[in-house]
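> pasting a predicted model and its sequence here:
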Protein chains: 2
Amino acid sequence: MAGSNDLKLLGMWASPFVLRVKLALSLKGLSYEYVEEDLRTKSELLLKSNPVHKKVPVLIHNGKPVCESSVILQYIDEAFAGTGPSLLPVDPYERAMARFWAAYIDDKMMAAWNQASKAKTEEEKAEAMKQSFATVETLEGALRDCGKGKPFFGGEDVGYVDVVLGGLLGWIRANDELQGVKPFDPERTPLLAAWAERFWSLEAVEPQMPDVSKLVEFGKMLQARQAAAGEGN
Amino acid sequence: MAGSNDLKLLGMWASPFVLRVKLALSLKGLSYEYVEEDLRTKSELLLKSNPVHKKVPVLIHNGKPVCESSVILQYIDEAFAGTGPSLLPVDPYERAMARFWAAYIDDKMMAAWNQASKAKTEEEKAEAMKQSFATVETLEGALRDCGKGKPFFGGEDVGYVDVVLGGLLGWIRANDELQGVKPFDPERTPLLAAWAERFWSLEAVEPQMPDVSKLVEFGKMLQARQAAAGEGN
């Protein structure tokens, strides 16, 4: 617990970026006030706290806002260095590796997934899916080579990369149902598939994870809205 | 000087990302071996050191490679914490702010510039330029509000954000000549314009900066190559 520290998280239940922050706070054992935002009618507090991006998550610590999930995770790790486990390792080289793979997940893996979800023709979709699987296979290699048989990217315990990737797990499971796509396939990427099961079932993780059936419903609603907008054009 | 530390930088003279690393090493007073890469015929060392992205910069420290400029800058700061000035501040909140603005420069400002340079019609170009100036104005606000009248983003001394932005200065000056675009206009964004002059003329910075006329030549060559490739399609 953070004692006199006042922590408020502005979030949205289905956001994988907000989930990362929830996971980090849970792993560190920090208590906080959670404020659900309606992103169609953003609160004054959100607009004032994140005037640049106007997005969740925002973590407000003793009145001071921190934005962007990767910035927030590192902030939590540094501002609460004495509380709970560290997300980033101590060794500078291992810290660099963790930051490298976290950036890879955001810049390459998620970009490939977004490309796949925006594909307009079957050919485009097939190409994007190929790219997407290639990024997941690269990540499988990272878990094999860096993890050296350890259960998590962070080694024996979860760390920064686990939290960054873990935030996406709800949507990874939902997309299996929505699009019939299983990025962490036990056949193709057995280490990541086992990692996902292991991570999800952790005591500090499971209660934070979203209800996958609700994500599926939400995803269908978004697809329908996009289709309607597309027809309007 | 790094003593027994063996530092090798794989770079390419015109890369703004490589320049960031050169600037950080210079500011920290670290000596290193520089290896210029021919990006059309990448060396075995580059391919082996950065198998994921196959890009410069790569910093090899005692045989261990670190890739991606933002990861390298933070690595230099942490691995050589006792050598020269720190790039990131000590206070966790100020560190978060520095990481936020560094990410803003890469994700928003550079993205808007890239969009502008890829625009195909005059209308597209005008819209992209508008977006681009808006991101620079936001950054001007950051320098005004966070800097509180101090000469650098890092305060009295240059820091992480200064190095991230400073790496782009050569191309910013070259684009003035190539495209008639002055993103750091003394009229529009006087603080950034003054910052750019102040940063460039620092003793640890000036000798690292590229020859702008060579960047202009290189830019013209790239434009000609792109135009030729476009005609071939």
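Now that the structure is in, tell me what you want to look at.
> by contact count, what packs against the helix or strand hosting A:Val18?
For A:Val18, the element it lies in under DSSP states H and E is helix A:16-28. Identification of packing neighbours for helix A:16-28 by 3 or more Cβ pairs under 8 Å, 6 or more residues apart in numbering or on different chains; DSSP states H and E yields strand A:7-11, helix A:69-79, helix A:160-166, helix A:169-179. (Each C-beta comes from the backbone N, C-alpha and C, glycine too.)
> and the residue lying closest to A:Leu178 once chain neighbours are set aside, what element?
In this structure, A:Leu178 finds its nearest non-sequential neighbour in A:Gly219, 4.8 Å apart by Cβ to Cβ, 6 or more residues apart in numbering or on different chains. Using DSSP H and E, A:Gly219 sits in helix A:212-232.
> can you pull the buried residues of that helix?
Neighbour counts using 16 or more other Cβ atoms under 10 Å in any protein chain shown place A:Val212, A:Leu215, A:Val216, A:Phe218, A:Gly219 of helix A:212-232 among the buried residues.
> check the offset of the one helix or strand in chain A whose mean pLDDT sits lowest from the chain's centre.
Lowest by mean pLDDT, DSSP states H and E among the helices and strands of chain A is helix A:110-118, with a mean of 85. Mean C-alpha position of helix A:110-118 versus that of the full chain (Cα atoms, centre = their mean, to the nearest Å) differs by 15 Å.
> okay, buried residues for it please.
Residues of helix A:110-118 classed as buried by neighbour count (16+ other Cβ under 10 Å): A:Met110, A:Ala112, A:Trp113, A:Gln115, A:Ala116, A:Ser117.
> verify the stated contact: the second one with A:Lys125.
No: A:Ala112 sits out of contact with A:Lys125 when judged by Cβ atoms under 8 Å, with a separation of 11.9 Å.
> how near is the most centrally placed residue in chain A to A:Ile72?
Closest to where the C-alpha atoms of chain A average out (Cα atoms, centre = their mean) is A:Gly167, at 2.7 Å. Separation of A:Gly167 from A:Ile72 (Cβ to Cβ, to the nearest Å) stands at 11 Å.
> which neighbours do those two have in common?
Shared contacts of A:Gly167 and A:Ile72 (Cβ atoms under 8 Å, 6 or more residues apart in numbering or on different chains): A:Arg20.
> and the lengthiest helix in chain A, what does it pack against?
Ranked by residue count under DSSP state H, the longest helix found in chain A is helix A:122-147. In terms of contacts (3+ Cβ pairs under 8 Å, 6+ apart), helix A:122-147 is packed against helix A:92-104, helix A:110-118, helix A:190-200.
> the second one to helix A:92-104, inter-axis angle?
Just to be clear, that refers to helix A:110-118. Angle between the axes of helix A:110-118 and helix A:92-104 is 10 degrees (criterion: axes from the mean of the first three to the mean of the last three Cα atoms, to 10 degrees).
> hmm, who's touching helix A:110-118?
Contact with helix A:110-118 is made by A:Lys125, A:Ala128, A:Met129, A:Gln131, A:Ser132, A:Ala134, A:Thr135, A:Leu168, A:Gln179, A:Val181, A:Pro183, as judged by Cβ under 8 Å, 6+ apart.
> so for the fourth one, what's the pLDDT?
At A:Gln131, the model reports a pLDDT of 91.
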